[in-house]
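Colleague: no sequence on this one, just coordinates:
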């Protein structure tokens with residue numbers, strides 16, 4: 001080996017050792033921001049059952065959920081029943097929320113993470129607060145943008161958060177992502193659930209008397225029959241009757257009010273459904289400003305049938321006095337006209 005080659009290798013080796021030493025020293029000297037890995041609210045898990053009020057103040061308005069005797073209600077929807085499983089999951093999520101990575105402390109950079117104070121003009125943040133029965137604050141957090149988990153091997157996903165009393169922002173675990181939900185998602189959305197197989201007869205009466213009637217002979221009958229088909233007409237698709245007959249299957253609300261909504265006779269459609277087990281349900285639907293609103297009434301149609309009476313009582317306990325806004329698709333099945341299901345019979349050639 002020539003002296004020149006040896007000198008080159010020695011220099012290269014010395015540089016490599018120097019770089020390694022610098023890297024090791026830097027790693028040993030690195031200290032994460034205090035709090036990294038900690039729970040955001042360390043004492044909350046022990047007190048999740050003490051929470052009696054959850055408030056979410058965001059760009060789309062305020063959501064106030066209150067608990068009374070283990071039942072949750074949404075104040076901004078006239079006290080309608082809240083979706084208990086979602087509310088509990090959200091509270092537990094805050095209790096388990098951890099600080100993964102420290103971010104900016106500069107107020108001017110909060111907007112990049114969606115963590116501006118709520119009084120800022122362009123704030124996209126959501127301020128989430130939990131209170132106990134004595135109005136003591138158990139948690140107060142600003143929730144910002146969600147960072148989706150990227151490709152394997154890169155930084156983790158989560159949600160940006162900031163404790164309301166602090167300047168420091170963080171990437172937190174995704175336990176707080178529930179607070180991106182709309183108001184309707186905090187409600188117990190199911191109004192009623194009667195499957196098409198349970199329906200014996202369905203009558204839709206439009207203003208002016210136009211009527212659509214579906215019926216089946218037994219629960220085992222595969223398809224409904226459309227009654228009073230005019231001469232020269234036929235069904236476009238017999239299977240479509242099952243879609244109409246199943247209009248009360250998992251029927252869900254979009255908006256709910258504690259009445260009244262004006263049901264003017266000239267714009268109100270009546271839908272009567274009778275089931276094979278003796279339940280009778282009547283719905284009134286009307287259009288207001290392009291939206292469909294409905295009320296519901298249920299009775300035990302068969303005298304002496306305790307099962308039908310119990311079902312009717314349970315339905316009315318949940319829906320009595322409430323007026324619901326439903327989706328256009330749901331409304332289309334409950335307000336169908338005969339002409340929408342029929343076509344002219346073409347003469348044979």
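Modeller: That came in fine, so what should we check first? As the structure is a computational prediction, the values presented were derived from the model and not from experiment.

Colleague: ok, the residue nearest to residue 260 when sequence neighbours are not counted - contacts?
Modeller: Nearest residue to residue 260 in three dimensions, chain neighbours excluded: residue 323, at 7.1 Å (Cβ to Cβ, 6 or more residues apart in numbering). Glycine gets a C-beta too; all of them are placed from N, C-alpha and C. Residues counted as contacts of residue 323 (Cβ atoms under 8 Å, 6 or more residues apart in numbering) are 256-261, 293-295.

Colleague: three-state assignment of the closest residue to residue 318 other than its chain neighbours?
Modeller: With sequence-adjacent residues excluded and distances taken as Cβ to Cβ, 6+ apart, residue 318 is closest to residue 81, at 7.4 Å. Classification of residue 81 using DSSP: H, G, I helix; E, B strand; the rest coil returns strand.

Colleague: surely residue 81 meets residue 72?
Modeller: Yes: judged on Cβ atoms under 8 Å, residue 81 makes contact with residue 72 at a distance of 7.1 Å.

Colleague: which of those two has more residues huddled nearby?
Modeller: Shown here are residue 81 and residue 72; by other Cβ atoms under 10 Å, residue 72 has more neighbours (21 against 16).

Colleague: please name the nearest non-neighbouring residue to the more buried one.
Modeller: Computed as Cβ to Cβ, 6+ apart, the closest residue to residue 72 that is not its neighbour in sequence is residue 82, at 3.4 Å.

Colleague: the one you found and residue 187 touch, don't they?
Modeller: Yes: Residue 82 is within contact range of residue 187, at 6.4 Å (criterion: Cβ under 8 Å).

Colleague: re earlier: who is the residue nearest to residue 318 paired with across the strands?
Modeller: Under DSSP bridges, the beta-bridge partners of residue 81 are residue 73.

Colleague: quick check: closest non-adjacent residue to residue 114.
Modeller: Nearest in space to residue 114, with sequence neighbours left out and distances taken as Cβ to Cβ, 6+ apart, is residue 144 at 3.3 Å.

Colleague: strands of the stretch 51-200 of the chain, residue ranges please.
Modeller: In the stretch 51-200 of the chain, the segments counted as strands under DSSP state E, counting those that start in this stretch are 51-58, 61-68, 71-74, 80-81, 99-102, 126-132, 137-147, 158-163, 170-172, 190-192, 199-205.

Colleague: any idea of the mean pLDDT for the shortest one?
Modeller: So the one you mean is strand 80-81. Strand 80-81 carries an average pLDDT of 97.

Colleague: same thing with the longest one?
Modeller: Across strand 137-147, pLDDT averages out at 95.

Colleague: report all helices and strands that it contacts.
Modeller: helix 110-113, strand 126-132, strand 158-163 (3 or more Cβ pairs under 8 Å, 6 or more residues apart in numbering; DSSP states H and E).

Colleague: contact partners for residue 188?
Modeller: Residue 188 is in contact with 80-84, counting by Cβ under 8 Å, 6+ apart.

Colleague: let me have these in a markdown table, extended by distance to residue 282.
Modeller: Output for the contacts of residue 188, formatted as a markdown table (distance: Cβ to Cβ, whole Å):
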| residue | distance to residue 282 |
| --- | --- |
| 80 | 21 |
| 81 | 22 |
| 82 | 27 |
| 83 | 27 |
| 84 | 29 |
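
Colleague: closest to residue 39 out of the residues you listed?
Modeller: residue 84 (23.9 Å; Cβ to Cβ).

Colleague: sec struct for residue 307, please.
Modeller: Per three-state DSSP, residue 307 ends up helix.

Colleague: and the pLDDT at it?
Modeller: 85.

Colleague: alright, I will stop here.
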